[in-house]
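Undergrad: need a 3D model of the sequence below.
(chains A and B)
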Amino acid sequence: MNARHGVPGWMRWLMAGLLGCMMAFAVQAQGNLEIDTPAISALKSSMQKRHGQLAPLYASGAIGLAADGSIALRDASAVPLAQRGSVNALVAAENADRSALYREVARANQHPEWEADVRSTFAQRWIDRAPAGWWVQRGGSWVKK
Amino acid sequence: MAARIAARCCWLVLLALAWVLPVQGIERIRLSIGDIRAPGLSVQGVELQFAAGSKGPELRIAHLALGERAWRGLHLSCPEADAAFPEIRCRRGEIRVGAKRLPLRIDFRFDPLTSAFDAALRLSSGSTVDIRHDGGNLVEVVLTRFEIGELSGDLAGFAAQVSPALAAELAQYAAKGTVDARLAWRQAGDAGPHEKLQLQARLSGGSFSSPDGLQAAEGLALSLDLTARALAAGWDWQGRLAWEGGEAYLHPLYLRSGPVLQAEGRLNDDELVLRMATLKLEGVDQFALTARIAREPPSLQDLTLSLAGGDLAILGPHWITPALVPALADRLRFAGHVGAGAEIRDGQLLSLDLVFDGAGVSLAGVDEGGEVRGRGLAFGPLSGHLPWSATAPTRASLQVQGGYWEALSLGAFDVDALLDGGQIAFGQIRIPLLDGALVLDGLALEHGAEGWRGQGGVVVEPLSMALLTEALGWPSMSGILSASMPGMRVSTGEISLDGALVVSVFDGYLQATGLRVSEPFGVASNLRADIEARHLDLAQLTDTFSFGSISGYVDADVKGLELAGWRPVAFDLRLASSPGSYRRRISQRAVQNIGALGGGGAIAALQRGVLSVFDTFGYRELGFHCVLVNGICEMNGIAGRGRPDGGFPIVRGGGIPALDVIGYNRRVDWQELVDRLQRVIENNAAPELH
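TA: Reported below is the predicted structural model:
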């Protein structure tokens, strides 16, 4: 006997409805990572501006994209000694903006408690989008893309 | 110690035999000796061999241990031996460890009668190690241009045999540099009852780097003077270490030469004790410390330090900002002086005392692009005592003589707080502001894994709008601002305030609720609120902003107001004439201005003639609605009065003469609107009519 015939029509509708609701909820729960607010724009613009200073550091391997959505000073020896302090400050400033970005995206989605999920999703995205030659953290160790 | 010397002498006598015997015409000799043991020395399987006609005597040692270091398969051969009573000389001797020949030559001279000897080791790099024993109590070792790098280069294999851990460490840190040193070791004897060491050493061109570059130094020049005396409890020592050149990065600190450490203490098998040390450091008048460091494994057990006359302008950028808040390095500035005391017991921070004297701290503002801009926030000069203890609550007290927040000056105030572990409970803080005050009530903060969290209440004691607007450089307004927000909550990146901020202004009032400040010190600094304004006198308002003249009253509701960098970036503004009976007139200038703000085409062509004839007009009601999203103001006029032609009335005329102002442009660029308003206000001139 075909199982399909064994399910009353109303139940199929109910199940479809429930499934629809669940999917809708899932979409809702994923949130909108592309959401834009003035605060998010300000953060992105600040990060974009800093990127000019960070790009050669990514390329040289001095800094890399960490698995927790931050950036890390992974090989300071690629930077002249006297500049390591200011590079560390640059990394800290970038990480402050990144943390604020994750908080703000969660807030803009009306779910501040999503911050950790937003962070890990962004972390994966930064790593996936990193150009070849950059260092990224995978499974706890650094690898060159 | 005497046993050690005896053992060494015995060993050297055996060596001597190697040269003495051939002189007496013996064809071949082979001498095996059992173990030689003394504290710190163990020699096993010693075998001396000489054959007539061979290159010279040879000495083999199966196992030699000095302290914790051990060699296996040691082999000394001496191709140019010379024995002239009472001395034995060896030139160009070679040492092998296992199958590997060490890259050095040894020359030595030995007097078996007095046990005096001189030995010179010449390494392939040109470095020399001279060892001299006077036959009595004195041993001197002189290193000349000894290259540390050799231990990670030619001598790496040797170093690995001596101590794999040390070799690995040296190889990992790529330590380099040249050492010149003189060590004098005097046994107890006639010259004194105690064994003594004296060391002068100088490192030049030193460098090292951890693999990740986070611990590194370049161009290091260090000089060390050390004297030590052996007592039953260990070595009593005193010394001076001066950092004379070079730079270092010890994450997260970048340091330059200059510091000089003067210290005395004791060293025994278990620990290194610094009984008293002083450190000369830029920006500090006096820095003293004591410490106890366990040797196995090396770890800081106890530390007490006291610092006096610390110049915050120097300590701030070099030590405080990099260590605590590197992200704010460009914006944070310090001034004044600090004294500090700290105590660590068994590796845990036990207490910390800070005393501020005329200290100041400022955090420069930042615009949305991340550029440092504006005066920001500053406190100081401030003085007081901030003690902290891991074992008991402490009370901190600071007297702050003033400060500023952007354009607003802050008056003098006191901060009293109870510190208990990671918690701070503040007493009432009343910060004078203009003719009122900002009062923080019952503020309590706690530091956890996610940063600072806490709660408290905020009250703004009434302050005059006339003074506030003057300070901010705004058009002058009369009125009073006050606030009562009992439910302030602080979390990482957000401060929310339950309660209301009320401004009585223009004969009405304006009330802000649901205030939330996000990322208060970052580029995304953001303020959200809902505002309700009632019965604002338009005559005063338009006069204040030189907008022409309108008599009457308005109510306004601003939902979801969001300010970024103090500029509105989102809101839903609804403005309408207040209910009630009152005189409602609007001047020709105000009509023109509203028309101009509407973006042109706002006044029906038929009415333009009327406009030029009369100075004022009667009106029935005013209404305006703007939803600001993404920089665009979606406009509408008086609620429910939309026109078939798509226009929306902003001013509905009434009385004689009457005139309508109709808006047609529903989407207006907000920045353009603000610029136009700015021009209208600044130029105080009639805008061009379309």
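Undergrad: mind giving me the domain ranges of chain B?
TA: Domain ranges of chain B: B:1-121, B:124-269, B:506-683, per automatic domain parsing.
Undergrad: can I get those in CSV with mean pLDDT and mean neighbour count?
TA: From N, CA and C alone the C-beta is placed, and that goes for glycine too. Below are the domains of chain B laid out as CSV (pLDDT from 0 to 100; neighbours: other CB atoms under 10 Å in any protein chain shown):
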stretch, mean pLDDT, mean neighbour count
domain B:1-121, 69, 16
domain B:124-269, 87, 17
domain B:506-683, 85, 18
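Undergrad: tell me what the lengthiest helix in chain A is packed against?
TA: Longest helix in chain A by number of residues, with DSSP state H as the criterion: helix A:84-108. Other elements packing on helix A:84-108 under the criterion 3 or more CB pairs under 8 Å, 6 or more residues apart in numbering or on different chains; DSSP states H and E are helix A:38-60, strand A:71-73, helix A:115-129, strand B:253-256, helix B:321-324, strand B:508-518.
Undergrad: now do the longest one against strand B:508-518, angle only.
TA: Per axes from the mean of the first three to the mean of the last three CA atoms, to 10 degrees, the angle that helix A:38-60 makes with strand B:508-518 is 20 degrees.
Undergrad: so what's B:Glu140 up against?
TA: B:Asp130, B:Ile131, B:Arg132, B:His133, B:Arg182, B:Leu183, B:Ala184, B:Trp185 (CB atoms under 8 Å, 6 or more residues apart in numbering or on different chains).
Undergrad: dump the residues you listed to TSV, plus distance to B:Asp346.
TA: Formatted as TSV, these follow (distance: CB to CB, whole Å):
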residue	distance to B:Asp346
B:Asp130	44
B:Ile131	42
B:Arg132	44
B:His133	43
B:Arg182	38
B:Leu183	34
B:Ala184	37
B:Trp185	35
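Undergrad: where's the residue nearest to B:Gly646 when sequence neighbours are not counted relative to chain A, distance?
TA: Leaving aside its sequence neighbours, B:Gly646 sits nearest to B:Tyr664 (CB to CB, 6 or more residues apart in numbering or on different chains; 6.5 Å). Look at B:Tyr664 and chain A: by CB to the nearest CB, to the nearest Å, they are 28 Å apart.
Undergrad: in three-state terms, label B:Cys656 for me.
TA: You called it Cys, but residue B:656 is Ile. coil (DSSP: H, G, I helix; E, B strand; the rest coil).
Undergrad: so it touches B:Phe614, yeah?
TA: No: with contacts defined as CB atoms under 8 Å, B:Ile656 does not count as touching B:Phe614, sitting 9.3 Å away.
Undergrad: nearest to A:Glu113 among the contacts of B:Glu140?
TA: Closest approach between those and A:Glu113, by CB to CB: B:Leu183, at 64.3 Å.
Undergrad: for the closest residue to that closest one other than its chain neighbours, give me its contacts.
TA: By the measure of CB to CB, 6+ apart, the closest residue to B:Leu183 outside its immediate chain neighbours is B:Val141, 4.5 Å from it. With contact set as CB under 8 Å, 6+ apart, B:Val141 has these partners: B:Val129, B:Asp130, B:Ile131, B:Arg132, B:Ala181, B:Arg182, B:Leu183, B:Trp185.
Undergrad: having no further points to raise, I will conclude here.
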